[in-house]
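Colleague: Got a predicted structure plus its sequence, pasted below:
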Amino acid sequence: MKDFRDKVVVVTGAGSGMGRDLAVKLARLGAKLAISDLNPAGLEVTENLIRETGAPVHSQILNVAEREAVLDYAQAVVAHYGTVNVIFNNAGIAHHGEIERTEFKDIERVMDVDFWGVVNGTKAFLPHIIASGDGHIVNTSSLFGLLAEPGQAAYNSAKFAVRGFTEALNQEMIVAKHPVKVTCVHPGGIKTAIARNATTSGDHDAKATADFFDKYLARMSSEDAADVIINGVRKNKARVLVGTDAKVLDIWVRLVASKYQWVTAKVTGLALSKA
């Protein structure tokens, strides 16, 4: 997928953040866009930005956690464009809270969107992407799909699952000799609204947690992140690390192995005590 011109590209979670920037940048590269989000207002803004580029766009409200809706959506996009070449399974949510204080429903909600949303999008579009003869599946995991963090069990679970699912899919496409490349994306701290929209459990203050993320962890703009992802897809990379933090911490975890857990626990505890 070195050239997106005239390729039909699906982007979920396109109503804001990386999803919006991916969609607009791909439109400028000549792609035909199919965008979706659960937020009507945000999705409309993205649609208008795409139309300003002159690129065609199919826009639809979609909850990626609803499997039948995603299956119907895939059929609608194919009916509209005739084919699909690429999907960016980008939609995601977050939750902060220790396991002992987090309700089952909070973990399930994150898994439904962040993991099952990726599975639903992949399964729904995979036959069409294979049939296109020139396809690519791009699934968004996270830095937290490379290492675990206290208070992020729900998010870690989903993002580690996305990583395993995507890496297995990549190998299966190679074994089957299908004309489909697969990329797993691991963003570090990106300046998006995901932290500010996150739910919390226990003693976590939602605003304080979001402020801490925005001030100390979010280092890269979503526009720059989108450029890194698109370049990685163009190079057919199986894994794309987005941000210096993702690259450094990935190496660190590889070097120290399970010892990273003790260090991360101590550093996180210290940071929270000063927040």
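Modeller: Okay, I see it. Numbers count the residues shown, from 1 in each chain.

Colleague: quick one: the helices in the stretch 1-150 of the chain?
Modeller: 17-28, 40-53, 67-81, 104-110, 116-132 (DSSP state H, counting those that start in this stretch).

Colleague: closest one to residue 172 among those?
Modeller: Residue 172 lies closest to helix 116-132 among those, at 10.0 Å (C-beta to C-beta). Where you see a C-beta, it was placed from the backbone N, CA and C, and this is true even at glycine.

Colleague: circling back to that earlier point, would you reformat the helices of the stretch 1-150 of the chain as TSV and include mean pLDDT?
Modeller: What follows is the helices of the stretch 1-150 of the chain, written out as TSV (pLDDT from 0 to 100):
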stretch	mean pLDDT
helix 17-28	98
helix 40-53	98
helix 67-81	98
helix 104-110	97
helix 116-132	98
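
Colleague: from those, which stretch is densest packed?
Modeller: Among the helices of the stretch 1-150 of the chain, judged by mean count of other C-beta atoms under 10 Å, the one packed with the most neighbours on average is helix 17-28 (a mean of 25).

Colleague: Alpha carbons of it, as CSV, please.
Modeller: Coordinates of the C-alpha atoms in helix 17-28 are reproduced here as CSV (Å, rounded to 0.1, in the frame of the first residue of the first chain):
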residue,chain,number,x,y,z
GLY,A,17,-8.1,12.8,17.3
MET,A,18,-6.0,10.4,15.3
GLY,A,19,-9.0,9.0,13.4
ARG,A,20,-9.9,12.5,12.1
ASP,A,21,-6.3,13.3,11.1
LEU,A,22,-5.8,9.9,9.5
ALA,A,23,-9.0,10.3,7.4
VAL,A,24,-8.2,13.9,6.3
LYS,A,25,-4.6,13.1,5.4
LEU,A,26,-5.6,10.0,3.5
ALA,A,27,-8.1,12.1,1.6
ARG,A,28,-5.4,14.5,0.6
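
Colleague: Against which helices or strands is that helix packed?
Modeller: strand 8-11, strand 32-37, helix 40-53, helix 222-234 (3 or more C-beta pairs under 8 Å, 6 or more residues apart in numbering; DSSP states H and E).

Colleague: contact partners of the shortest one?
Modeller: Just to be clear, that refers to strand 8-11. Under the criterion C-beta atoms under 8 Å, 6 or more residues apart in numbering, residues 19, 22-23, 26, 31-36, 77, 81-88, 90, 121, 125, 132 lie in contact with strand 8-11.

Colleague: which neighbours does it have in its sheet, and in what orientation?
Modeller: Strand 8-11 pairs in its sheet with strand 32-37 (parallel), strand 86-89 (parallel), by DSSP bridges.

Colleague: Nearest to residue 199, out of the ones you listed?
Modeller: strand 32-37 (18.1 Å).

Colleague: what is the mean pLDDT for the closest one?
Modeller: The average pLDDT for strand 32-37 rounds to 98.
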